[in-house]
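Chemist: Mind looking at a prediction? Sequence and model below.
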Amino acid sequence: MNFNGDAEATDPSSIIQTFQNLQGECQQMTTKLQELEMELSEHELVIQQLTPLEPSRKAYRLLGGVLMERTVGEVLPVLSEFASKLRTYIPQLDVALAKKQKQTREWRDKYNIRAQSAKEIEALQQKSAAGAPGGATDLSAGGVLA
């Protein structure tokens with residue numbers, strides 16, 4: 001560990017593991033961002049449909065798997081507030097994702113990590129099996145990510 005508080009990987013397997021963890025975090029954040037954007041879109045559609053209706057009209061809302069009978073006047077403000085919160089949270093998550101992607105790119109560039117195609121991996125394995133010089137390369141180390 002260096003003195004600036006960052007854990008510094010020294011062996012190839014921990015470098016690759018850290019890179020894979022960063023990629024996984026990026027993927028999770030991307031998935032969550034897509035889910036929230038879809039949820040916001042659905043809320044906006046429902047709000048659009050409920051807005052012209054009379055506030056005393058019956059409306060049903062699904063809460064924790066239970067369908068609740070309410071009125072449009074009760075449901076609309078709750079939906080609008082939640083959509084507003086999503087509109088503020090989504091850009092924050094987008095910024096966090098961009099930072100994580102930058103961190104992942106910097107890690108990849110720092111350790112010269114590159115992904116290999118299936119053909120490249122197969123060619124290296126064939127070299128290794130044939131006993132070619134340099135063929136005993138460990139594919140999980142040395143800056144190569146399978």
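Modeler: Alright, I've got the coordinates.
Chemist: now for the one helix or strand residue 27 maps to, which elements pack on it?
Modeler: Secondary structure assigned from DSSP states H and E places residue 27 in helix 12-50. Secondary-structure packing of helix 12-50 (3 or more Cβ pairs under 8 Å, 6 or more residues apart in numbering; DSSP states H and E): helix 72-110, strand 144-145. C-beta: built from backbone N, CA, C; applies to glycine.
Chemist: how about TSV for these, with distance to residue 12 and mean pLDDT added?
Modeler: Shown next, in TSV, are those (distance: least, Cβ to Cβ, whole Å; pLDDT from 0 to 100):
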stretch	distance to residue 12	mean pLDDT
helix 72-110	13	98
strand 144-145	9	56
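Chemist: among those, which is the most enclosed?
Modeler: Comparing those by mean neighbour count (mean count of other Cβ atoms under 10 Å), strand 144-145 ranks first with a mean of 18.
Chemist: Find the residue ranges of this structure scoring beneath the pLDDT cut-off.
Modeler: Across the chain, the ranges flagged by pLDDT under 70 are 1-9, 131-146.
Chemist: sorry, back to before: and after the helix holding residue 27, which helix or strand comes next?
Modeler: Using DSSP H and E, the helix or strand that follows helix 12-50 in sequence is strand 58-63.
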